[in-house]
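J.: Starting from these lines, generate the structure:
(one chain, ligands or ions: 1)
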Amino acid sequence: MDLRFTAEEEAFRQDVRAFIRDNLDPVTHRKMVEGRIPDREEIVAWQRTLNSRGWATPSWPKSHGGPGFTPVERYIFLDELHQAPAPEPVSFNVSMLGPVVIQYGTPAQQERFLAPTANLDIWWAQGFSEPGAGSDLAALRTSARREGDHYVVSGHKIWQGMAHHADWMFTLVRTDPQAPKKQMGISFLLIDLRLPGVTIRPIITLDERHEVNEVFLDEVRVPVDCLIGEENKGWDVTKFLLSNERTGIARIGMTKHLIRRIKRLAKGDKSVLAKTAALEAELKILEITQLRILDGQRRSTAADPRSSILKLKGVELRQAASELLLSVAGPSALEVQHDDAPLSLDDAGEWIGSVMPNYGILRAASIFGGSSEVQKGILAKTQLGL
Ligand SMILES: Cc1cc2nc3c(=O)[nH]c(=O)nc-3n(C[C@H](O)[C@H](O)[C@H](O)COP(=O)(O)OP(=O)(O)OC[C@H]3O[C@@H](n4cnc5c(N)ncnc54)[C@H](O)[C@@H]3O)c2cc1C
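T.: Numbers count the residues shown, from 1 in each chain. Sure, this is the predicted structure:
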């Protein structure tokens, strides 16, 4: 196995870097550097810019409107977005719902949803977790009973990221409460959030951000043509979606970005540089692991349980880098002052007021997308045979 990038892959990296430099709106860039969430309009504009270049849906095949990237090109593309930093294409649309519709949707559903999903004409929310059904997702209780051409849906979802921006939500509902196993009675349903009976309530987190929400569903009438896959077979669709979610989650480029900033602030301090070098060594090992998994994907599209290593270790390293950056920045990290003046790509490393918000937001990364404990459980079972 050759883990070096080819000349073509290196040229592709330069193309992506130049495209970001020439097309990313400076205000959006500044917000990314500061750990602020860009506005809905800014995220939509960037996704459409990527889409006009054919790059908004990195994991989609050409046959369904994607760029047909190889796994390595996909990795390089995301690595450049993370290092810039620039917003990723909205993951609910591009990494979660899109591949599901491609794999399990009917031709009519593909025709209806894929193009607007790529262009962010429809913004999707992920309606999986419920109070009492997070890590143990199959314990979910939101119910859907069939009445003619509709499902009537009632329940309470929680932690829906960006649902206040969303038009639709892909969700899991219980269609057979009598099924012998809890995984067997679940269906995968698409819900238009403008339907009567839907209420979205914000959750403001400790850092005063509005990112997550609760979604209440009260006798919402959802047309049956919004069912993806077969009724009661939604768990298969879910496993497919979650394994896609975890493959892209190492976000090595973001850690590289943090390490660059530590080095600039360290100003030659030997003890900081020694800690940075240790982080860089671990990051290199993770990058090699990522490339090995990508190499495997050239031969097989089956879900790879080793992607749990990427989630687990990727988050640990990002959190460790943000912690080191915080200690190097010292009390000035608390001097958070935001304005929307454009920031050049070269200024990014000096912006100290972003250190604290970035540190705060990364605390949640070991929970969403499957908690660190859950990833360790998967690895113990699948890799260590325990
Ligand atoms: C910022 C953020 C954004 C999110 N966005 C979304 C979203 O868009 N859509 C969505 O549906 N959900 C979303 N979530 C929810 C997320 O998926 C859940 O929080 C996560 O699955 C954990 O579930 P829980 O909160 O119910 O905690 P629990 O499952 O109750 O876990 C509590 C603790 O117990 C541990 N634990 C649980 N089971 C095991 C086990 N088997 N072995 C060892 N330890 C275990 C966990 O690691 C954790 O420390 C988001 C969460 C956050 C924080």
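J.: Going by C-alpha atoms from here, please, whenever you check contacts or count neighbours.
T.: Fine.
J.: Show me which residues of the stretch 151-300 of the chain are close to the ligand?
T.: Counting by CA under 6 Å from any ligand atom, the residues of the stretch 151-300 of the chain lying close to the ligand are 159-161.
J.: what's the closest of those residues to Ala7?
T.: Distances from Ala7 to those, taken as CA to CA, are shortest for Gly161 (38.5 Å).
J.: Double-check that Asp176 belongs to a strand.
T.: No - Asp176 is assigned coil when assessed by DSSP: H, G, I helix; E, B strand; the rest coil, not a strand.
J.: and the residue nearest to it when sequence neighbours are not counted, what does it touch?
T.: Take Asp176 and drop its neighbours on the chain: the residue closest to it by CA to CA, 6 or more residues apart in numbering is Gly185, 4.3 Å away. With contact taken as CA atoms under 8 Å, 6 or more residues apart in numbering, Gly185 is in contact with 174-179, 232-233.
J.: which one of the residues of the stretch 151-300 of the chain next to the ligand has the most neighbours?
T.: Comparing those by number of neighbours (other CA atoms under 10 Å), Gln160 comes first, having 24 neighbours.
J.: wouldn't that residue be in contact with Ile203 here?
T.: No - counting by CA atoms under 8 Å, Gln160 sits too far from Ile203 to count as a contact (9.3 Å).
J.: Can you check which residues contact both of the two?
T.: By the contact definition CA under 8 Å, 6+ apart, Gln160 and Ile203 are jointly contacted by 212-214.
J.: Looking at those residues, which is nearest the ligand?
T.: Val212 (6.0 Å; CA to the nearest ligand atom).
J.: helices and strands around the helix or strand in which Ser243 is found, which ones?
T.: Assessed by DSSP states H and E, Ser243 sits inside helix 234-247. Of the remaining helices and strands, those touching helix 234-247 by 3 or more CA pairs under 8 Å, 6 or more residues apart in numbering; DSSP states H and E are helix 98-104, strand 186-192, helix 307-329.
J.: Any chance of the ones you listed in JSON lines with distance to Ala266 as columns?
T.: Formatted as JSON lines, the entries for those read as follows, by distance: least, CA to CA, whole Å:
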{"stretch": "helix 98-104", "distance to Ala266": "42"}
{"stretch": "strand 186-192", "distance to Ala266": "49"}
{"stretch": "helix 307-329", "distance to Ala266": "7"}
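J.: Out of these, indicate the one that is most buried.
T.: Among those, judged by mean count of other CA atoms under 10 Å, the one packed with the most neighbours on average is strand 186-192 (a mean of 25).
J.: Distance from the chain centre to that one, please.
T.: Here strand 186-192 shows a centroid-to-chain-centroid distance of 20 Å under the convention CA atoms, centre = their mean, to the nearest Å.
J.: Do you have the helices of the stretch 151-300 of the chain handy? List them.
T.: Assigned by DSSP state H, counting those that start in this stretch, the stretch 151-300 of the chain shows helices spanning 234-247, 252-266, 270-299.
J.: is it possible to export those to JSON lines including mean pLDDT?
T.: Below are the helices of the stretch 151-300 of the chain laid out as JSON lines (pLDDT from 0 to 100):
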{"stretch": "helix 234-247", "mean pLDDT": "83"}
{"stretch": "helix 252-266", "mean pLDDT": "89"}
{"stretch": "helix 270-299", "mean pLDDT": "89"}
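J.: how about those in TSV, adding distance to Glu9 and mean neighbour count?
T.: Putting the helices of the stretch 151-300 of the chain into TSV (distance: least, CA to CA, whole Å; neighbours: other CA atoms under 10 Å) gives the following:
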stretch	distance to Glu9	mean neighbour count
helix 234-247	20	19
helix 252-266	16	20
helix 270-299	13	15
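J.: pLDDT (mean, whole number) over stretch 333-348?
T.: Mean per-residue pLDDT for stretch 333-348: 57.
J.: per-residue confidence at the residue nearest the centre of the chain?
T.: The residue at the geometric middle of the chain, judged as the C-alpha nearest the mean C-alpha position with CA atoms, centre = their mean, is Ser91 (4.5 Å). You'll see Ser91 listed with a pLDDT of 94.
J.: repeat for Ser307
T.: Here the pLDDT value assigned to Ser307 is 84.
J.: now do the one 3 residues further on
T.: With respect to pLDDT, Leu310 has a value of 91.
J.: so how far is Leu258 from it?
T.: Leu310 is 18 Å from Leu258, where distance means CA to CA, to the nearest Å.
J.: Skip the chain neighbours and tell me the closest residue to Gln109.
T.: If you skip the residues right next to it in sequence, Gln109 has Val101 as its closest partner in space, 7.1 Å away by CA to CA, 6+ apart.
J.: residues touching that neighbour, list them.
T.: When the contact criterion is CA under 8 Å, 6+ apart, the partners of Val101 are 109-110, 113-114, 228.
J.: The ligand versus that one, what's the distance?
T.: In this structure, Val101 lies at 18 Å from the ligand, with CA to the nearest ligand atom, to the nearest Å as the measure.
J.: now Gly54
T.: From Gly54 to the ligand the distance is 26 Å (CA to the nearest ligand atom).
J.: Over to Leu195?
T.: Relative to the ligand, Leu195 is positioned 19 Å away (criterion: CA to the nearest ligand atom).
J.: Angles on the backbone of that residue, please.
T.: In this entry, Leu195 is assigned phi and psi values of phi -70, psi 150 (degrees, to the nearest 10).
J.: What of Ala144?
T.: Residue torsions, per degrees, to the nearest 10, at Ala144 are phi -140, psi 120.
J.: Give me the pLDDT value at it.
T.: Per-residue confidence for Ala144 comes out at a pLDDT of 98.
J.: Let me see the contact set for it.
T.: Each residue near Ala144 by CA under 8 Å, 6+ apart is listed here: 151-154, 173-175.
J.: which of the residues you listed are buried?
T.: Restricting the contacts of Ala144 to buried positions leaves 151-154, 173-175, with burial counted as 16 or more other CA atoms under 10 Å.
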